[in-house]
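Next one to model:
(2 chains)
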Number of protein chains: 2
Amino acid sequence: MIELEVKAPCRDLAGLEGRLRAMGARRIEELEQVDVYYSHPARDFAASDEALRLRRENARSMITYKGPKLDRDTKMREEVELEVEDLERMALLLERVGFRPVRRVAKRRTVYALGLVHICLDRVEGLGDFVEMEYTGDDLDAGKGRILELKQALGLEGNERRSYLELLMEKG
Amino acid sequence: MIELEVKAPCRDLAGLEGRLRAMGARRIEELEQVDVYYSHPARDFAASDEALRLRRENARSMITYKGPKLDRDTKMREEVELEVEDLERMALLLERVGFRPVRRVAKRRTVYALGLVHICLDRVEGLGDFVEMEYTGDDLDAGKGRILELKQALGLEGNERRSYLELLMEKG
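Next comes the predicted model:
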């Protein structure tokens, strides 16, 4: 329920993929994700650093709430996510209670696993290429250390704490 | 997406069940339903005549929005309903975006079908026994006529337009 991840821009996803394979990472899936972010009827999600999202991921439909970020080095935050039967009906329900769709974020994501870390190679429509590393275990302190080590080992620079949504909004 | 139903109190569910069987109705399911209704973070659902509900129905979990009632003779209203993967997680997500659980409604529902009408025999915890007749076809005018005819044929009196939630709230 606490999501611990670090994100960095990446100019050479193919090279990074090679380094991951050399380190023994295994490719687990290839995802087409189309997200729609919603505004709240009475709260400014940009100010509260929260997000509500509907996601189509290949054939699945999901709703996700993300809480405010909890530290400075990572994008660690609460995440509440579940699958829903029908994305259009969930969207209609949200609109009926006052949520409004504000932005669409589409990407192709290739997911690798290395120990307890998932490494996502993202090609984001209109933004470019990024890598997200997410810790999937229970020991958040250890996970943070592991992610930051791995980031260095992969030669990744930069720490992008803004979400794709925020980056697209800033781009206008 | 438009729910057309009529509800009436019933003092003798067993007798009604006999009359339904004699008319050729067939029993389709037996449901344990536990509903939790939510308040909106910025809108007074009692005043707007709307409702947002999470329902556990046997092993299924559902979220439902109900719009304001659309006429005087029935409880016709918009309904947006879908299944969700996990009821507790959906409840947590709703609470994170400011919805609050306000009331629990539990009932045992026996559902009969007669043509395009579903007849629900409800034993509602703390309220008593009721019958709800819901039209499942597309022709709402015909459906309304059919339901009102059937209600008379079954000897049902009274037209309860208040929801179980409202009845429980009034009871205190």
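
what are the ranges of the helices in chain A?
A:13-22, A:45-48, A:87-96, A:140-153, A:164-171 (DSSP state H).

Now distance to chain B too, for the ones you listed, in CSV please.
For the C-beta atoms, the positions are set from N, CA and C on the backbone; glycine is no exception. Formatted as CSV, the helices of chain A follow (distance: least, CB to the nearest CB, whole Å):
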stretch, distance to chain B
helix A:13-22, 31
helix A:45-48, 9
helix A:87-96, 4
helix A:140-153, 19
helix A:164-171, 16
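
among those, which is nearest residue A:60?
Closest to residue A:60 of these, according to CB to CB: helix A:87-96, at 9.1 Å.

Please name the residues that touch the residue of chain A found nearest chain B.
Nearest residue of chain A to chain B: residue A:42, at 3.5 Å (CB to the nearest CB). Applying CB atoms under 8 Å, 6 or more residues apart in numbering or on different chains, we find residue A:42 in contact with A:98, B:41-42, B:98.

out of the helices of chain A, deepest packed?
helix A:87-96 (a mean of 17; mean count of other CB atoms under 10 Å in any protein chain shown).

Show me the contact partners of it.
Against helix A:87-96 from outside (CB under 8 Å, 6+ apart): A:36, A:38, A:52, A:54, A:56, A:61, A:63, A:84, A:101, B:50, B:63, B:65, B:67, B:78, B:80-82.

tell me which parts of chain A are close to chain B?
A:40-43, A:50, A:52, A:63, A:65, A:67, A:78, A:80-86, A:89-90, A:92-93, A:96-98 (CB under 8 Å from any CB of the partner chain).

Tell me the pLDDT of the residue of chain A most remote from its centre.
Computed with CA atoms, centre = their mean, the residue of chain A farthest from its C-alpha average is residue A:96, at 26.7 Å. Predicted confidence (pLDDT) for residue A:96: 98.

number of nearby residues for residue A:105?
Residue A:105 has 20 neighbours, counted by other CB atoms under 10 Å in any protein chain shown.

Do I have it right that it meets residue A:167?
No: counting by CB atoms under 8 Å, residue A:105 sits too far from residue A:167 to count as a contact (9.1 Å).

Dump the helices of chain A into a markdown table; add distance to residue A:126 as well.
Output for the helices of chain A, formatted as a markdown table (distance: least, CB to CB, whole Å):
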| stretch | distance to residue A:126 |
| --- | --- |
| helix A:13-22 | 16 |
| helix A:45-48 | 19 |
| helix A:87-96 | 21 |
| helix A:140-153 | 25 |
| helix A:164-171 | 6 |
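
Any idea which of these gets closest to residue B:25?
helix A:87-96 (29.4 Å).

chain center to that closest one: distance?
Put simply, helix A:87-96 sits 22 Å off its chain's centre (CA atoms, centre = their mean, to the nearest Å).

Low-confidence ranges, chain A, go.
Applying pLDDT under 70 to chain A flags no residue at all.

which residues in it form strands?
Along chain A, counting by DSSP state E, strands occupy A:2-9, A:26-39, A:51-57, A:60-66, A:77-83, A:100-114, A:117-124, A:128-135.

and the third one, what other elements does it pack with?
If I follow you right, that is strand A:51-57. strand A:26-39, strand A:60-66, helix A:87-96 (3 or more CB pairs under 8 Å, 6 or more residues apart in numbering or on different chains; DSSP states H and E).

what's the closest of these to residue B:8?
The minimum distance between residue B:8 and the helices and strands packed on strand A:51-57 falls on helix A:87-96, with 27.9 Å, by CB to CB.

Strand B:60-69 and that closest one, what's the angle between them?
Using axes from the mean of the first three to the mean of the last three CA atoms, to 10 degrees, the direction of helix A:87-96 lies 40 degrees away from that of strand B:60-69.

ok, residue A:87 to residue B:91 distance?
20 Å (CB to CB, to the nearest Å).

do residue A:31 as well
27 Å.

Could you do residue A:7 as well?
30 Å.

circling back to that earlier point, just the buried ones out of the contacts of residue A:42, please.
Neighbour-count burial (16 or more other CB atoms under 10 Å in any protein chain shown) is assigned, among those, to residue B:41.
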